[in-house]
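> let me see the structure of the following:
(chains A, B, C and D)
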Number of protein chains: 4
Amino acid sequence: MSQKLNAALLGASGYTGADLMRLGVLHPHVQFKALTANTHAGKAVEDVFPHLGGVELPTLQRAEELDWAEFDVIFCGLPHATSQKIVSEIITKTDRPKIVDMSADFRLRDPAQYKNWYGNDHIDPKLQEIAAYGLTEHNRDAIREKRIIACPGCYPTAVLLALLPLAKANLINVDAIIVDAKSGVTGAGRGLKQNTLAAEAGESLSPYAVGAHRHTAELEQELGAVAGKEIKVNFTPHLIPMSRGELITAHLELSNGKTAADLRSALETAYSNEPFVRVLSEGKMPSTGMVRGSNSCVINVFEDRIPGRAIVIAALDNLVKGSAGQALQNFNVAFGFEETTGLSQQPMFP
Amino acid sequence: MSQKLNAALLGASGYTGADLMRLGVLHPHVQFKALTANTHAGKAVEDVFPHLGGVELPTLQRAEELDWAEFDVIFCGLPHATSQKIVSEIITKTDRPKIVDMSADFRLRDPAQYKNWYGNDHIDPKLQEIAAYGLTEHNRDAIREKRIIACPGCYPTAVLLALLPLAKANLINVDAIIVDAKSGVTGAGRGLKQNTLAAEAGESLSPYAVGAHRHTAELEQELGAVAGKEIKVNFTPHLIPMSRGELITAHLELSNGKTAADLRSALETAYSNEPFVRVLSEGKMPSTGMVRGSNSCVINVFEDRIPGRAIVIAALDNLVKGSAGQALQNFNVAFGFEETTGLSQQPMFP
Amino acid sequence: MSQKLNAALLGASGYTGADLMRLGVLHPHVQFKALTANTHAGKAVEDVFPHLGGVELPTLQRAEELDWAEFDVIFCGLPHATSQKIVSEIITKTDRPKIVDMSADFRLRDPAQYKNWYGNDHIDPKLQEIAAYGLTEHNRDAIREKRIIACPGCYPTAVLLALLPLAKANLINVDAIIVDAKSGVTGAGRGLKQNTLAAEAGESLSPYAVGAHRHTAELEQELGAVAGKEIKVNFTPHLIPMSRGELITAHLELSNGKTAADLRSALETAYSNEPFVRVLSEGKMPSTGMVRGSNSCVINVFEDRIPGRAIVIAALDNLVKGSAGQALQNFNVAFGFEETTGLSQQPMFP
Amino acid sequence: MSQKLNAALLGASGYTGADLMRLGVLHPHVQFKALTANTHAGKAVEDVFPHLGGVELPTLQRAEELDWAEFDVIFCGLPHATSQKIVSEIITKTDRPKIVDMSADFRLRDPAQYKNWYGNDHIDPKLQEIAAYGLTEHNRDAIREKRIIACPGCYPTAVLLALLPLAKANLINVDAIIVDAKSGVTGAGRGLKQNTLAAEAGESLSPYAVGAHRHTAELEQELGAVAGKEIKVNFTPHLIPMSRGELITAHLELSNGKTAADLRSALETAYSNEPFVRVLSEGKMPSTGMVRGSNSCVINVFEDRIPGRAIVIAALDNLVKGSAGQALQNFNVAFGFEETTGLSQQPMFP
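Model prediction:
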């Protein structure tokens, strides 16, 4: 199939939107027909993202102006709560476009959990029935079949790629998962906040949302589903003075008699044929610099000095594999394209 | 032409080499058949550049092991002085490969100037006759014809793209060109130096090599050639606490009666059909963030408060348009490929 | 004199205010009796600046609550326009406090120039008669005598320290002064702006306000006063991905027959006994890392390859010598304390 | 006591040495009579640390040239193994100076452990009898009495300040301590290494020495001593793209029935009168920016979502409280000065 599909991108003025445009304009099957950014409607993309000044792209417009039936796919980079309103409307109005949503609105299957973590009642919980949790490597069938693809949060992508194969194989105690996470400032979005000013976030390091980060909900849902029970996860994120990239350090209790080598083996088996997930050879340190700008996730396993424990570390680019790249990967799966299409860019280092 | 040409990359363990691999592995007509890095011979590329761990590439080897006649093109990322020795040997031994050299060894046409700035006698000054100065946009005919393509330094690329059209049109006084330049730390290479340690180069800013930077020689040669006389250029570089990117601020004296608008007009005319050089609309600020990771150069013209003067500012990625990207662009020109082949990656922001 | 003077700090929630508190709490003659920050009134300082959590300081309050007659000195870190309103009120109500203003409101002697550059009419231009331009090293007599001390902008402090002695000695052509300036992001203040978000200002470099920066007015006023004529100055600032520090590179035309050595000599003479201004030995590069956190300014002179020209480079910490430190230095002068009192902190490197 | 004591600083060309000079030159009881740096002997301090150019300091010399009996105190900033040789010689030759050692050579009481972690046999294990582990807040008596003060590593300082009171009060399971640590690049020292080049350490984040960092030995020794048994600690450090500062995140298993509130209470009790350790109020996030350049350590306690667990986070400046500042604090204790003398500098933010 060599034709281009009609695509709309909602929320084109955020960082996730920018990276979807950066990658999407080179994708042979994506044709951006509409880009929305309500507060910037009428502007050229170049006016909100000067780095895209050299690319031909539609003028930014308001979402209300779109005729949803004209699109094959709608990439949604809107904030949660906003996203569900528009998706609900799209589903009501037309059968045509698939929706690849990068917000949190369709990630949690339990509306009570959604409300608990995000504060608002979900306006259309039934949509969950036609939504797939878009962790590509672990959910391809659903991604192919469902109308809505709910791309995981950036942190859950890294954590679940690292831990799902271990939980599935009963190698770790899922009741004692400790995830110490670190992210660059783009993870906080483009909104104006004092703590992400360069003068404040630069040359400093701090934890945030300790015990209260919303991505915890996805971790507990997905790992709990594998374990077949409700679990609580320690998720402790830190803001790092860099722009992109995130790294998660999972401190794990091994199941009885299991070893770090068993973990390595399970991960190698799970990802041996995966183009975007790479288990590093023993002793190699994952780093965000190894994956910057690419759709790759690197993982490694380390022994813990404390007997019966192990450490698993994973790194990815939060805007690519953690968001826009995974969205395109899901698009490829959903429409039957070669999964690596448009995602072959190598990491940029230094 | 869809076949892949046999390519060797000499000096694969430096930053320029890394970026040539990053871009080259996606180029439809480049097949890396050999990669050299003498002190790392025998290692996998992944061992010197972990971010390239996901890519199939030849093992690093010593340059002496290569049979030059097996290659269609040799990309040379070696330091000056080392480069001329190997290129001289290649030329002697075989007629086959074209050489795209990213070092300084074939940039200066006058061997006396070469010795003056680089300290050593050039071992084979006659090679200059078969070498083209590889500032692509201004020298395509020579690049097509000559055996050796001497890619300009990163700074000269930015400065000459910004100033050559102005000098050619007699719009500026070439005897009073002041170039205040700023570069990220990759410009200093991968060698171990105290002043490029993260602890020292981070959170600080300093000039270096004031009045003595070797790139001055290229500026004086190329701008002097246009002017038809010997000139001296003020070139004042500064080291900036960031990884990639460089920006030059040229403070210019206008020729009698000329205005900033005349400069803009000359630049717009020169580059209206160029895919990689973009004159920004009036008032827009060039930044290195606008071009990071891409082969683009952005330029703009500003009025000076001092009558009879103007300011021209240009930005590019020193490792791409300033080195590896321009090398591939020259490769495309030399072998008759579409000039943008393999260089369509968009800038990565943020 | 060992007693503490009663001090108020207006605008304590900005970066300049923070640094005045950092230094002021250790000053043996400063007792902060009141701190204002209208939008944060009622909060502890720790709530707006967690790094000051270990220090005993008054609760933030509204400026309207203060009885101006209770203070010996008022440090004013408010934005321009706001500053003049309060200062005018203070002067009307009481004879007691001296005012050390870090805003732009009393720097320009000509109200027309003020309006031209800042947009608003000055509400009380007569106050200019009792205001001194607080460039300490060059204006001690006025600083001692006047009621209001208008601390220079951060950029003008660096530029004027570097160029005033040269202009006074007729060593340079004041009609052709080109100042290429570079500053860290704290220079942009604590206001929420997209271009100073860590994700946007980090790993990038851009010019801003080219030919239009308000600090130009001070440069033209002070250098013009020395020259005895109206002049235009090229002032081209750039935003650098670091927090503090600024460096100015002045590209100068020498007066007939003068040399870089003459410039060096004039600067060495001017500053040989100054505790906070240091002319570096020949060839040493000024850097912002050399002065970070301290009240020092370092300067050096370099030959230009273009005959008849020279380059003078100066660096300082924009929040210290460029603002809060110079304010305390002026306070020391105004009240007859040893000028270095409370300002002996050494630069912090790395 | 107002006189100045004669001090020597060994290893003045490293970062720790630099910060000891930065702080020491303002200390009323420290007079640097000698500074050593073998490879730089004969140079001015300014030549290795330009930021100290404004300070009067002795010329750098070789350690062999010193007459140890001339000094009251010797600050030792040498690498391990080198340090023990010189200290052994000093002790042999003279009874006069106390030694404040910032290396690892006298931290481990068990020579077998020393050899295990550092590779070499300790040349004079008996010196351990006259050495105190210099974690000031927890060991003042020994620091006052012993001849050698072995300042803790930067990481152990943060970890032990956070955890010792908890271990002493039996509030946590010492067999299950997980310390996820993060440090800026100065922690890696001034040696030339590829991974601390600005181009490589900037804009990236990576773990290092997982399960193998030498500071683990101190943690196990000190926490084990409190617990009265041998323990293993998980210590997982990460290199962060910033210059100074470190933050440790301790993931802890509570003793039966204990809560996060118990931990907070124990810490508040332990440090209520300590000038340099501050337990933050509930919910406040520690950050390295809060303590940069100061001798402070900030700590806070957080609840874990997993029942029976808690998270304790501490931040300090690795070069100050983690090294040079704590050395001066120990000097103050050892010589009977007010403990805060020379250490009142406030954190520098931003």
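
> A:Asp121 and A:Gln84 touch, don't they?
No. In this structure, A:Asp121 is not within contact of A:Gln84 by CB atoms under 8 Å, at 10.0 Å. Where C-beta positions appear, they are placed from N, C-alpha and C, glycine not excepted.

> if you count what's nearby, which of those two comes out ahead?
More neighbours surround A:Gln84 than the other of A:Asp121 and A:Gln84, with 24 against 11 (other CB atoms under 10 Å in any protein chain shown).

> the more buried one belongs to a helix, doesn't it?
Yes. Judged by DSSP: H, G, I helix; E, B strand; the rest coil, A:Gln84 forms part of a helix.

> which residue is the nearest non-sequential neighbour of it?
Once its chain neighbours are removed from consideration, A:Gln84 has its nearest residue in A:Asp105; the separation is 4.1 Å (CB to CB, 6 or more residues apart in numbering or on different chains).

> pretty sure that neighbour sits against A:Val87.
Yes. With contacts counted by CB under 8 Å, A:Asp105 reaches A:Val87, the gap being 7.0 Å.

> of the two, which one has the most company?
When neighbours are counted by other CB under 10 Å, A:Asp105 comes out ahead of the other of A:Asp105 and A:Val87, with 30 against 26.

> so how far is chain D from the more buried one?
A:Asp105 sits 23 Å away from chain D, taking CB to the nearest CB, to the nearest Å as the criterion.

> could you do A:Val48 as well?
Between A:Val48 and chain D the computed distance is 23 Å (CB to the nearest CB).

> and if you look at A:Arg22?
Per CB to the nearest CB, A:Arg22 is found 17 Å from chain D.

> does A:Gln113 touch A:Leu219 like I think?
No. Distance between A:Gln113 and A:Leu219: 11.8 Å, which falls outside the contact criterion (CB under 8 Å).

> looking at those two, which has the bigger crowd around it?
Remark: of A:Gln113 and A:Leu219, A:Leu219 carries more neighbours, 24 against 16, as counted by other CB under 10 Å.

> next, count neighbours for the nearest residue to that one once chain neighbours are set aside.
Among residues not flanking A:Leu219 along the chain, A:Val233 sits closest, at 4.7 Å (CB to CB, 6+ apart). Other residues within reach of A:Val233 by the criterion other CB under 10 Å amount to 26.

> so what sits opposite A:His238 in the bridge?
Each beta-bridge partner of A:His238 is listed here, defined by DSSP bridges: A:Lys182, A:Pro207.

> OK, contacts around it?
The contact partners of A:His238, by CB atoms under 8 Å, 6 or more residues apart in numbering or on different chains, come to A:Asp180, A:Ala181, A:Lys182, A:Ser183, A:Leu205, A:Ser206, A:Pro207, A:Tyr208, D:Lys182, D:Leu247, D:Thr249.

> closest one to chain C out of these, please.
Within those, the smallest distance to chain C is 9.4 Å, found for A:Ser206 (CB to the nearest CB).

> so the closest one makes contact with D:Leu280?
No. Using CB under 8 Å, A:Ser206 makes no contact with D:Leu280, being 11.4 Å away.

> residues shared between the contacts of the two?
Common neighbours of A:Ser206 and D:Leu280 are listed as D:Pro286 (criterion: CB under 8 Å, 6+ apart).

> so which residues of the stretch 251-350 of chain A form helices?
Using DSSP state H, counting those that start in this stretch, the helices assigned to the stretch 251-350 of chain A run over residues A:260-271, A:325-335.

> D:Ala225: which of the ones you listed is closest?
Taking CB to CB, helix A:260-271 is the member of the helices of the stretch 251-350 of chain A nearest to D:Ala225, at 28.8 Å.

> dump the C-alpha coordinates for the closest one into PDB.
The C-alpha coordinates for helix A:260-271 follow below in PDB (Å, rounded to 0.1, in the frame of the first residue of the first chain):
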ATOM      1  CA  ALA A 260      18.900 -11.700  37.700                       C
ATOM      2  CA  ALA A 261      19.900 -14.000  34.900                       C
ATOM      3  CA  ASP A 262      16.300 -15.300  34.800                       C
ATOM      4  CA  LEU A 263      15.100 -11.800  34.300                       C
ATOM      5  CA  ARG A 264      17.600 -11.100  31.600                       C
ATOM      6  CA  SER A 265      16.600 -14.300  29.800                       C
ATOM      7  CA  ALA A 266      12.900 -13.500  30.000                       C
ATOM      8  CA  LEU A 267      13.500 -10.000  28.600                       C
ATOM      9  CA  GLU A 268      15.700 -11.300  25.800                       C
ATOM     10  CA  THR A 269      13.100 -13.800  24.800                       C
ATOM     11  CA  ALA A 270      10.300 -11.300  24.900                       C
ATOM     12  CA  TYR A 271      12.200  -8.800  22.700                       C
END
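
> assign a three-state SS to the residue in the stretch 101-250 of chain A that chain B sits nearest to, would you?
Residue nearest to chain B within the stretch 101-250 of chain A: A:Ser243 (4.9 Å; CB to the nearest CB). Assigned by three-state DSSP, the conformation of A:Ser243 is coil.

> hang on, it packs against A:Val185?
Yes. Between A:Ser243 and A:Val185 there is a contact at 6.2 Å, judged by CB under 8 Å.

> who touches both of those two?
Both A:Ser243 and A:Val185 are in contact with C:Ala198, C:Ala199, C:Gly202, where contact means CB under 8 Å, 6+ apart.

> for the residues you listed, which one is nearest chain D?
Checking those against chain D with CB to the nearest CB, the nearest one is C:Gly202 at 7.8 Å.

> who touches the closest one in this structure?
C:Gly202 is in contact with A:Val185, A:Ala198, A:Gly202, A:Pro241, A:Met242, A:Ser243, B:Met242, B:Pro350, C:Pro241, D:Glu203, counting by CB under 8 Å, 6+ apart.

> what packs against the strand or helix carrying A:Asp141?
Assigned by DSSP states H and E, A:Asp141 falls within helix A:140-145. In this structure, helix A:140-145 makes packing contacts with strand A:131-133, helix A:325-335, judged by 3 or more CB pairs under 8 Å, 6 or more residues apart in numbering or on different chains; DSSP states H and E.
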